[in-house]
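Visitor: A structural model of the following input is requested.
(2 chains)
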Number of protein chains: 2
Amino acid sequence: MVTRTARERQLDHPGRGEIALADVLHALADPVRLRVVRTMAAADSPMACGAFGLPVSKSTCTHHFRVLREAGIIRQHYRGTAVLNDLRRDDLDARFPGLLDCVLAAAAGDSPAQ
Amino acid sequence: MVTRTARERQLDHPGRGEIALADVLHALADPVRLRVVRTMAAADSPMACGAFGLPVSKSTCTHHFRVLREAGIIRQHYRGTAVLNDLRRDDLDARFPGLLDCVLAAAAGDSPAQ
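Guide: Take a look at the predicted model:
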């Protein structure tokens, strides 16, 4: 039986320069994912997936977080058996200056914060 | 045989207040549609669908323009048998201030203008 090391359990993330606009916009176009990003932007520490109180099944939740990670919007890492999520604000601001703030402002104007 | 009047041939558009962020982001997340929007932003007059030189079939082209229209990003109107397209910049800027410019700037940084 093979014991997984912490390294093997790391999840794939695009590098800053690999973050693609189409992927970011696609990820943010979903209301559930946009809600996750708004919540993370308002938080100041990593959050477990279960902490967002999303009205979707666990598998759908996992899917949404994977889309956000693969788009380069969040960073996911294991802490024990839990997956913690961090907004990649610095990377996004460097790659597409102002874009995240514009979308967050638009979302705030579009509907009340969750 | 019924002759269509100009009124009957008008296409549906969301009102300014009906433009939804999720629809706008979804519409802009497609590279072909984003290219259309960038071209229209650089133009100063309405453009026929065929003027964009898109590398897709006519039916796919029609689909893309419909998605943009239904999202509230462009306005389409008939001139004779041709459909002309206009960017709804004023409506977008009023609904989501700064968003279109942020996306256009991000697109310009992401890849060379077409």
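
Visitor: Report how many residues lie close to residue A:43.
Guide: 14 (other Cβ atoms under 10 Å in any protein chain shown). No exception for glycine: its C-beta is placed from N, CA and C like everyone else's.

Visitor: What does the pLDDT read for the residue most central in space within chain A?
Guide: In chain A, the centroid-proximal residue (Cα atoms, centre = their mean) is residue A:74; its distance is 3.3 Å. Looking at residue A:74, its pLDDT is 97.

Visitor: Give me the pLDDT for residue A:2.
Guide: 46.

Visitor: Contact partners for the closest residue to the residue nearest to the centre of chain A other than its chain neighbours?
Guide: Of all residues not flanking residue A:74 in the chain, residue A:68 sits nearest, at 4.5 Å (Cβ to Cβ, 6 or more residues apart in numbering or on different chains). By Cβ atoms under 8 Å, 6 or more residues apart in numbering or on different chains, the residues touching residue A:68 are A:27, A:33, A:36-37, A:74, A:85.

Visitor: ok, now with 7 Å
Guide: A:27, A:33, A:36, A:74 (Cβ atoms under 7 Å, 6 or more residues apart in numbering or on different chains).

Visitor: Out of the residues you listed, list just those in helices.
Guide: A:27, A:33, A:36 (DSSP state H).

Visitor: quick one: the residue nearest to the centre of chain A and residue A:84 touch, right?
Guide: No: when contacts are counted by Cβ atoms under 7 Å, residue A:74 is not listed as touching residue A:84 (9.9 Å).

Visitor: Tell me where chain A has helices.
Guide: Going by DSSP H, chain A shows helices at A:21-28, A:31-42, A:58-71, A:89-95, A:99-110.

Visitor: Any chance of a markdown table for those, columns distance to residue B:59 and mean pLDDT?
Guide: Formatted as a markdown table, the helices of chain A follow (distance: least, Cβ to Cβ, whole Å; pLDDT from 0 to 100):
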| stretch | distance to residue B:59 | mean pLDDT |
| --- | --- | --- |
| helix A:21-28 | 22 | 98 |
| helix A:31-42 | 29 | 96 |
| helix A:58-71 | 28 | 95 |
| helix A:89-95 | 34 | 96 |
| helix A:99-110 | 31 | 93 |
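
Visitor: Out of those, which one sits most buried?
Guide: With neighbours taken as mean count of other Cβ atoms under 10 Å in any protein chain shown, those reach their highest mean count in helix A:21-28, at a mean of 22.

Visitor: separation between residue A:43 and chain B?
Guide: 21 Å (Cβ to the nearest Cβ, to the nearest Å).

Visitor: Tell me the backbone dihedrals of that residue, please.
Guide: phi -90, psi 160 (degrees, to the nearest 10).
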